[in-house]
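Student: this one's sequence-less:
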């Protein structure tokens, strides 16, 4: 299993990068989108949230498909459909046609995250799962960073539609690799827990081995993890959606320069997910670091909202710091949800996690559009800080969710 598991992990990461580019690439071409359709910042931000709306409408159904037909089938179908929908952008008629296609992109691209995460978790035992899932969850900031670095350049030269073909090309390239390699571990290759290495101690067996069909949603812990993730999705999507346009409109940066800066922060965010994965392995707790991150993010966002009036030169550094903090928690919460749910429910639980985050991502541009219209762009950071504070209160950092860190007992 040693080498095969790392191949599986690489395929899961790159597949998710393609999906992330499709789902979350629109914010990085907002200037081109506004120019093409004559939109305000608030209107363009709402359009950027439409893939999340499509994601929301289909994710739980995709979770059932994952549990029934497996990760390989689901990932391959999703990547192929995503590429096909992106290809339709060139034929869309006006802003409403483009919006409809973006909804379809979200509906098609959602299950790659849950399916890839479930596949990786089945190949890694619990004592290494924080690291593995931390690496796996670097796909989101890396996908966002790659989109921020490349898509503004393409959009500036060839337009919005051309920029959105980049994730389509990557998705098409990943389909054959998924079909060949993305298989769950054979029984003979794995220990009885379904995820640990052969010969590992029974003390390393974890809740993913449990095949009980009893719903984990009878208990409050998993709902609190979902709730914290949903609340943290508001600042994450707020900062990401408006970062490039904030640097361009408020600080006079060019779109490619702003995109490059955002890309650097996403690379740092990817590193933070790996580091926090290792920390959670050693602490024996996935959720306590999430509370710390939520409090730090709240403080940084509040300072950012006040900086134009108090210390204007601090605005850009604070924005970049908030971009890193905003993406750091996902690997921890995603792993905690799957471990709490157990293998029989993991596909549906991870899909539910993504669905709630998609709901957050869908509503965030609408909410923040109202805030920008009435109070200005700086006010969205103060509003986002409130959601971070609420998440810190909701996350069950002191609770030991079923399956989380059982190896530490």
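Tutor: In hand now; what should we look at? Bear in mind that the values here come from a model prediction, so they are computed numbers and not experimental data. Residues are numbered from 1 along each chain as shown.
Student: quick one: low-confidence residue ranges for the protein.
Tutor: 1-2, 186-213, 343-344, 347, 397-409 (pLDDT under 70).
Student: tell me where it has strands.
Tutor: Shown for the chain, no strands are assigned by DSSP state E.
Student: quick one, what contacts the residue nearest to the spatial centre of it?
Tutor: Centroid-nearest residue in the chain: residue 140, 4.9 Å away (criterion: C-alpha atoms, centre = their mean). Applying C-beta atoms under 8 Å, 6 or more residues apart in numbering to residue 140 gives the contacts 16, 20, 24, 113, 327, 330. Yep, even glycine has a C-beta here, placed from its N, CA and C like the rest.
Student: can you tell me which of the residues you listed has the most neighbours?
Tutor: residue 113 (31 neighbours; other C-beta atoms under 10 Å).
Student: wait, it touches residue 358, no?
Tutor: No. Judged on C-beta atoms under 8 Å, residue 113 makes no contact with residue 358 at a distance of 10.2 Å.
Student: so residue 352 sits against residue 60, correct?
Tutor: Yes. In this structure, residue 352 is within contact of residue 60 by C-beta under 8 Å, at 6.2 Å.
Student: would a markdown table of the contacts of residue 140 with distance to residue 4 be doable?
Tutor: Converted to a markdown table, those look like this (distance: C-beta to C-beta, whole Å):
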| residue | distance to residue 4 |
| --- | --- |
| 16 | 19 |
| 20 | 24 |
| 24 | 30 |
| 113 | 21 |
| 327 | 29 |
| 330 | 25 |
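Student: between these, which is nearest residue 180?
Tutor: Taking C-beta to C-beta as the measure, residue 180 sits nearest to residue 16 out of the contacts of residue 140, at 17.6 Å.
Student: from what I can see the closest one touches residue 146, true?
Tutor: No. Using C-beta under 8 Å, residue 16 is not in contact with residue 146; the gap is 11.6 Å.
Student: mutual contacts of residue 352 and residue 60, please.
Tutor: Counting by C-beta under 8 Å, 6+ apart, nothing touches both residue 352 and residue 60.
Student: with neighbour numbers in mind, choose between those two.
Tutor: Between residue 352 and residue 60, counted using other C-beta under 10 Å, residue 352 has the larger neighbour count: 21 against 15.
Student: can you pull the contacts of that one?
Tutor: Contacts of residue 352 (C-beta under 8 Å, 6+ apart): 59, 60, 63, 226, 337.
Student: buried subset of the residues you listed?
Tutor: Buried by 16 or more other C-beta atoms under 10 Å: 59, 63, 226, 337, out of the contacts of residue 352.
Student: not counting sequence-adjacent ones, nearest residue to residue 372?
Tutor: Leaving aside its sequence neighbours, residue 372 sits nearest to residue 42 (C-beta to C-beta, 6 or more residues apart in numbering; 5.5 Å).
Student: and that neighbour, how far from residue 366?
Tutor: Distance, residue 42 to residue 366, by C-beta to C-beta, to the nearest Å: 9 Å.
Student: how many residues are close by the closest residue to residue 226 other than its chain neighbours?
Tutor: Computed as C-beta to C-beta, 6+ apart, the closest residue to residue 226 that is not its neighbour in sequence is residue 356, at 5.2 Å. When neighbours are counted by other C-beta under 10 Å, residue 356 registers 21.
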